[in-house]
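J.: Any chance you can model this:
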Amino acid sequence: MPRGGQSRISIVINGDRVEVPAGITVAAALFNLGITALRTSVSGEPRGPVCAMGVCFECRVTIDSRPHQRACLTAAVDGMHIQTASTS
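T.: Take a look at the predicted model:
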């Protein structure tokens with residue numbers, strides 16, 4: 001097992017394949033990769049996780065073609081495809 005014995009999984013974020021620790025949430029994986037703006041508000045402002053417990057709905061992303069999934073409540077799974085609104 002790489003990196004201190006922790007197993008890793010492969011996910012695709014905005015078209016880029018990355019490895020993240022197994023058992024991590026999608027929001028934590030995105031944050032660890034420096035992705036903090038997950039969607040945009042109706043006025044075009046970047047939005048990201050606020051509460052990290054599923055209450056605020058600010059962490060919504062598209063997961064495996066399903067829009068409006070809360071990243072903070074979703075465990076990353078090997079092979080998962082995640083699309084954020086910030087696709088720079």
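
J.: Could you say whether A85 sits in a helix, a strand or coil?
T.: coil (DSSP: H, G, I helix; E, B strand; the rest coil).

J.: hang on, isn't it packed against T36?
T.: No. A85 is beyond contact range of T36, at 11.9 Å (criterion: C-beta atoms under 8 Å). The way it works is simple: take the backbone N, C-alpha and C, and place the C-beta from them, glycine included.

J.: between these two, what contacts are shared?
T.: Counting by C-beta atoms under 8 Å, 6 or more residues apart in numbering, the contacts common to A85 and T36 are P46.

J.: in stretch 63-75, what's buried?
T.: Neighbour-count burial for stretch 63-75, counted by 16 or more other C-beta atoms under 10 Å, picks out I63, R70, A71, C72, T74.

J.: Tell me the one of the residues you listed nearest F57?
T.: Using C-beta to C-beta, R70 is the member of those that sits closest to F57, with 6.5 Å.

J.: Beta-bridge partners for that closest one, please?
T.: R60 (DSSP bridges).

J.: how far out from the middle of the chain is stretch 76-83?
T.: Here stretch 76-83 is found 8 Å from its chain centre; the criterion is C-alpha atoms, centre = their mean, to the nearest Å.
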